[in-house]
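**Q** sequence below, structure please.
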Amino acid sequence: MSIDFSVFDSVALVRLNRPEAMNSIDPETRVELREIWQRIAADGAVRAAVLTGTGERAFCAGTDLKKTATADGSFAGAFYGDAGVPSLVDGLSMDKPVIAAVNGAALGGGFELALACDIRIASETARFGLPEVKVGSIPGAGGTQRLPRTIPHSAAMLMLLTGDAIDAAEALRLGLVSKVVPAAVLLDEAMAIAARIAANAPLSVRAIKRLVRIGGDAPLSVALEHERHAFGLIRDTEDRAEGRRAFAEKRPPQFRGR
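**A** Got it, this is the predicted structure:
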């Protein structure tokens with residue numbers, strides 16, 4: 001298996017496990033990763049996930065160019081056909097939050113994987129870059145769109161057009177990551193954050209992620225309408241009543257996702 005998958009309480013841990021190839025994604029791993037996101041999305045017992053890489057050298061170096069399949073047939077057939085090649089980030093748009101614990105180099109598609117996650121925590125040795133322009137290509141899994149939506153436009157264009165990488169300290173300064181921690185505690189920190197998220201009302205967590213995702217591309221007035229509608233739906237849930245009772249009774253709430 002090129003990916004290790006485990007669940008601790010309500011948190012799924014997804015670990016890319018190809019350290020000999022800097023945890024790069026070959027065709028088999030790409031399919032396996034999509035299946036894991038589908039599994040997490042469908043599992044009511046999982047409320048949050050953490051994505052990381054094996055070892056300290058790399059989070060993910062993107063697509064494994066040595067194993068990239070040659071084009072077979074037309075692009076239209078692959079893009080619109082029933083058996084098209086999955087995108088590297090397929091499945092990450094699910095409503096359950098995913099935290100990237102970036103333990104080393106996040107380059108090319110590996111950086112795009114991190115960008116598609118909801119929260120990014122980095123080790124002090126992490127590096128981030130989209131070097132595709134240096135080899136006559138472009139980021140093809142959301143890099144040209146997500147990066148300028150995540151950090152200032154000029155900083156994003158500098159990275160995209162030069163292909164240069166930045167270190168963890170610069171990523172923190174730009175707001176690309178939420179925290180930078182020593183490598184020895186990176187996974188513990190990411191899992192602790194995921195556990196705090198998983199302890200919250202699951203319908204509320206999923207509603208918030210969906211609202212942020214769809215609201216980012218909508219006019220503010222439309223996004224606020226979505227928020228108002230979601231508030232009304234959440235207001236009538238059993239979990240909201242339980243949360244208010246638990247607060248009044250000074251005890252931890254027992255949320256059931258209904």
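**Q** quick one: residues contacting Gly243.
**A** Counting by C-beta atoms under 8 Å, 6 or more residues apart in numbering, Gly243 touches 201, 253, 255. No exception for glycine: its C-beta is placed from N, CA and C like everyone else's.
**Q** and Phe8, how far from Asp188?
**A** Per C-beta to C-beta, to the nearest Å, Phe8 is found 12 Å from Asp188.
**Q** please apply the same query to Ser10.
**A** The span separating Ser10 from Asp188 equals 17 Å under the rule C-beta to C-beta.
**Q** if you count surrounding residues, which of the two has more?
**A** Neighbours per residue (other C-beta atoms under 10 Å) separate Ser10 from Asp188, with Ser10 holding more: 18 against 11.
**Q** that one and Val98: what is the separation?
**A** Taking C-beta to C-beta, one finds Ser10 at 14 Å from Val98.
**Q** same question for Arg240.
**A** Here Arg240 is placed at a distance of 25 Å from Val98 (C-beta to C-beta).
**Q** which one's more surrounded, these two?
**A** The neighbour comparison of Arg240 against Val98 (other C-beta under 10 Å) goes to Val98, with 23 against 17.
**Q** for that one, name its beta-bridge partners.
**A** In this entry, Val98 is beta-bridged to Ala49, by DSSP bridges.
**Q** hmm, it is touching Leu51, no?
**A** Yes: the pair Val98 / Leu51 is scored as a contact, 5.9 Å apart, by C-beta atoms under 8 Å.
**Q** need the residues touching each of those two.
**A** What both Val98 and Leu51 touch, as defined by C-beta under 8 Å, 6+ apart, is the set Cys117.
**Q** low-confidence ranges, this protein, go.
**A** In the prediction, the chain carries residues with pLDDT under 70 at positions 1, 67-86.
**Q** show me the contacts for the residue positioned nearest the centre of it.
**A** With distances taken as C-alpha atoms, centre = their mean, Cys117 lies nearest the centre of the chain, 1.7 Å away. Taking C-beta under 8 Å, 6+ apart, we find Cys117 in contact with 51, 92, 98-100.
**Q** would you reformat the residues you listed as JSON lines and include distance to Arg210?
**A** What follows is the contacts of Cys117, written out as JSON lines (distance: C-beta to C-beta, whole Å):
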{"residue": "Leu51", "distance to Arg210": "19"}
{"residue": "Leu92", "distance to Arg210": "13"}
{"residue": "Val98", "distance to Arg210": "14"}
{"residue": "Ile99", "distance to Arg210": "17"}
{"residue": "Ala100", "distance to Arg210": "19"}
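**Q** cool, thanks, talk later.
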